[in-house]
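*Asks:* Here is the input, now give the coordinates:
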Amino acid sequence: MSILKQIQQLRTEINEHNYHYYVLDNPKITDSEYDLLMRELQTLEANYPESITSDSPTQRVGAEPLSAFAEIIHTIPMLSLGNAFDNTEVYDFAERATERLQTKEISYIAEPKLDGLAISLRYEAGLLVTGATRGNGHQGENVTQNVKTIKNIPLCLRGQYPEILEVRGEVVMPKAGFAKLNQQQVAKCEKIFANPRNAAAGSLRQLDSNVTATRPLTFYSYAIGAVSEANLPKTHSGILHQLQEWGLPVAQQNQVVQDVKGCLQYYQTILAQRATLPFEIDGVVYKINDIEQQEILGYISKAPRWAIAHKFPAQEALTQLLAIEIQVGRTGAITPVAKLAPVNVGGVTVSHATLHNQDEIRRKDVRINDTVIVRRAGDVIPEVVRVLLEKRPTDSQPFVLPNKCPVCDSAVVRIAEEAVARCTGGLFCPAQRQQALQHYVSRQAMDIDGLGKKLVVQLVENNLVNNPADIYDLSHEQWAGLERMGDKSADNVMASIDKSKATTLARFLYALGIREVGESTANILAEQFTSLEQLELASEHELQQITDIGPVVAKHIANFFQQPHNIEIIQRLQAIGVHWSTKDSITQILTEPTLAGKTFVLTGTLLQMNRNEAKSSLQKLGAKVSGSISKNTDYLVAGEKSGSKLEKAKNLGVAILEEAEFIELLGK
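*Replies:* Modelled structure (predicted):
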């Protein structure tokens with residue numbers, strides 16, 4: 001086979017995989033296999049640069065920065081839509097259509113109204129030649145270099161396509177990509193984006209397409225503009241299906257409905273799904289499905305008579321910030337919260353909004369008595385988007401987080417690498433008490449059987465327990481007096497509590513709930529220190545010398561043991577009788593782990609042991625247990641009803657152990 005033929009075959013194969021991945025949402029190969037194909041094509045093109053064409057899958061990289069965008073005239077204007085803000089306006093729209101069409105029944109195609117930036121893509125002979133923004137509807141900006149970096153926009157069409165085809169659609173930034181982008185912006189101390197729409201628009205209008213190439217943008221087509229082919233489907237839904245056949249993605253939520261009743265049912269369905277959709281929407285669009293009926297209805301000056309946007313309730317509103325309160329989370333996170341003059345946002349009355357952290361307060365320059373814009377998206381906690389500086393009082397002062405916990409007066413510490421400040425009160429802090437107690441009694445920690453979440457909540461609400469040591473001091477009468485408890489249940493819980501006193505150092509360290517100290521780290525600490533007293537005196541520097549313990553974890557451990565109230569609770573627990581054998585630690589040190597350095601993933605249901613027991617057994621042998629499959633995974637332990645992880649392991653060539661083989665490996 002000639003090199004050129006080999007290159008073309010690779011391009012065809014990659015384009016076909018792109019179609020299945022981005023358009024059909026049904027990938028045929030793994031990401032790693034796709035990467036190998038792309039790398040092979042890149043290598044061949046690098047060796048034979050004369051073979052490179054503009055439609056090659058490798059050409060989705062940025063070009064030289066532009067000094068300004070050129071203008072593009074739209075062959076057919078990109079019109080906006082009329083809006084309906086309630087059901088009555090939708091009925092009015094439908095009534096006008098039925099009168100003009102002289103029919104009582106109309107079929108509509110209903111679509112989510114994507115919240116991004118409208119663009120037009122022009123294909124000639126199947127190749128993408130230009131991409132343009134809507135602009136004023138008649139002329140837009142030439143953003144061709146930028147749209148070529150968007151992975152789900154095909155550089156060349158597939159199948160039998162018109163000589164000229166203009167595709168209209170929306171560039172959006174998915175919610176997950178938006179969240180990740182803002183995390184990266186914060187890490188780089190750069191401005192974060194207010195919402196996915198602004199992020200998408202700003203990314204697509206970058207003069208440097210290399211920047212656009214790094215942004216998580218995606219595209220959905222919803223109409224056609226100029227087209228040289230007259231033999232097109234006779235319905236709008238048919239045209240969307242044809243676009244999909246040509247390789248262009250369309251929203252999977254599109255649906256053909258009958259009459260106004262069908263439209264309004266669709267509206268309620270999508271409104272209920274809004275928070276779970278992968279992208280932001282601000283309403284739905286109803287279009288008369290029959291193309292001939294569209295042509296009969298025609299257009300008014302700026303919008304078609306055959307389509308309307310049914311908007312969702314506004315998600316942003318203006319109000320006054322009355323105060324900044326401090327909340328202490330279950331892990332000690334100190335979160336500033338804005339107390340607001342109550343305002344209706346998205347159909348819900350909002351009186352509080354998150355301010356995230358001190359950095360965000362400083363970046364947005366939020367102050368008490370400011371007039372602010374508040375945003376609420378679905379079930380997401382409302383947040384302060386920005387301040388209207390022109391309405392700021394002249395005597396306002398910047399806000400600074402306290403250096404003492406407002407609940408327990410412990411020191412508030414912020415590690416340099418983290419955005420969140422935290423209370424160091426740990427077991428002592430009432431705000432962290434319930435979560436700390438639930439963790440302490442859990443199966444992986446002190447394993448106090450029968451003392452579940454509901455009982456812990458009762459203990460805290462009745463002010464019977466302030467810290468884990470108090471659990472051991474409760475009388476039989478106090479236990480029996482709790483809701484749904486009696487003498488027998490009280491006896492069982494007290495027996496389980498007494499049994500928990502005999503534990504291991506690793507379990508005890510994990511039970512203390514030290515931030516970032518999970519089961520694996522607790523085991524490592526128990527192996528390195530022959531007594532708890534040695535660990536309590538260890539410095540950050542000493543802790544960092546231990547394998548797998550970095551500066552952040554070392555700081556959390558040192559901070560915990562520097563708090564006098566934490567030491568006091570530990571001493572109380574030991575005085576009550578909580579103990580462990582130092583032989584356990586010594587034995588762990590002297591025994592060479594048989595699975596050191598190996599990474600395991602557990603999936604499915606094991607019959608001879610539960611997931612936690614399997615995980616603990618592996619860790620004792622020196623193995624690492626991960627929650628996800630990757631090329632670095634050594635073994636997948638596959639129990640009954642194994643799911644997608646098993647398939648992925650097969651594709652990656654990861655060794656797969658059935659339960660019997662796993663038990664044999666553990667030596668049990």
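
*Asks:* Can you report how many residues lie near Leu474?
*Replies:* Leu474 has 18 neighbours, counted by other Cβ atoms under 10 Å. From N, CA and C alone the C-beta is placed, and that goes for glycine too.

*Asks:* go on, Ser581?
*Replies:* If you count neighbours by other Cβ under 10 Å, Ser581 ends up with 12.

*Asks:* any idea how far Ser496 is from the nearest residue to it once chain neighbours are set aside?
*Replies:* Nearest non-adjacent residue to Ser581, counting by Cβ to Cβ, 6 or more residues apart in numbering: Thr504, 7.7 Å away. Distance, Thr504 to Ser496, using Cβ to Cβ, to the nearest Å: 17 Å.

*Asks:* same check, this time on Ala187
*Replies:* 45 Å.

*Asks:* center of this protein, which residue is that?
*Replies:* Nearest to the geometric centre of the chain sits Ala176, at 4.4 Å (Cα atoms, centre = their mean).

*Asks:* For Ala307, list each beta-bridge partner.
*Replies:* Bridge pairing for Ala307 (DSSP bridges) gives the partners Lys287.

*Asks:* Model confidence score at it, please.
*Replies:* On pLDDT, Ala307 comes in at 95.

*Asks:* One more: the one 10 residues further on?
*Replies:* Reported pLDDT at Ala317 in the predicted model: 84.

*Asks:* How about Ile586?
*Replies:* Per the predicted model, pLDDT is 38 at Ile586.

*Asks:* just so I have it, where are all the helices in the stretch 51-200 of the chain?
*Replies:* 87-101, 144-147, 175-187, 196-204 (DSSP state H, counting those that start in this stretch).

*Asks:* Please put the alpha-carbon coordinates of stretch 30-47 into CSV.
*Replies:* Below are the C-alpha coordinates for stretch 30-47, written out as CSV (Å, rounded to 0.1, in the frame of the first residue of the first chain):
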residue,chain,number,x,y,z
THR,A,30,-11.2,3.1,23.4
ASP,A,31,-9.5,6.5,23.9
SER,A,32,-6.1,4.9,23.9
GLU,A,33,-6.8,3.1,20.6
TYR,A,34,-8.0,6.4,19.1
ASP,A,35,-4.8,8.1,20.3
LEU,A,36,-2.7,5.4,18.6
LEU,A,37,-4.4,6.0,15.3
MET,A,38,-4.0,9.8,15.6
ARG,A,39,-0.3,9.4,16.6
GLU,A,40,0.3,7.1,13.6
LEU,A,41,-1.3,9.7,11.2
GLN,A,42,0.7,12.6,12.8
THR,A,43,3.9,10.6,12.3
LEU,A,44,3.2,9.9,8.7
GLU,A,45,2.2,13.5,7.9
ALA,A,46,5.3,14.7,9.7
ASN,A,47,7.5,12.5,7.5
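
*Asks:* Which residues does it contact?
*Replies:* For stretch 30-47, the external contacting residues (Cβ atoms under 8 Å, 6 or more residues apart in numbering) are 3, 6-7, 10-11, 13-14, 17, 21, 27, 29, 51-52, 56-58, 631, 648, 651-652.

*Asks:* coming back round to it: kindly confirm whether my reading is correct that the residue nearest to Ser581 touches Trp580.
*Replies:* Yes - with contact defined as Cβ atoms under 8 Å, Thr504 counts as touching Trp580 (5.0 Å).

*Asks:* neighbour count winner among the two?
*Replies:* More neighbours surround Trp580 than the other of Thr504 and Trp580, with 20 against 17 (other Cβ under 10 Å).

*Asks:* Now do the contacts for the more buried one.
*Replies:* Contacts of Trp580 (Cβ under 8 Å, 6+ apart): Ala502, Thr503, Thr504, Leu505, Arg507, Phe508.

*Asks:* Determine which two of the residues you listed are furthest apart.
*Replies:* For these, the farthest-apart pair by Cβ to Cβ is Ala502 and Leu505; their separation is 12.0 Å.

*Asks:* looking at the protein, which helix or strand is least sure?
*Replies:* helix 582-590 (a mean of 45; mean pLDDT, DSSP states H and E).

*Asks:* one step back: any idea how far the residue nearest to Ser581 lies from Ala94?
*Replies:* On the measure of Cβ to Cβ, Thr504 and Ala94 end up 71 Å apart.

*Asks:* same thing with Gly597?
*Replies:* 67 Å.

*Asks:* Restricted to strands, list the contacts of stretch 30-47.
*Replies:* Judged by DSSP state E, strands contain none of the contacts of stretch 30-47.

*Asks:* Can you tell me which of the residues you listed are classed as buried?
*Replies:* 7, 10-11, 13-14, 17, 21, 51, 56-58, 648, 652 (16 or more other Cβ atoms under 10 Å).

*Asks:* tell me which of those is nearest to Ala353?
*Replies:* Closest approach between these and Ala353, by Cβ to Cβ: Tyr21, at 37.9 Å.
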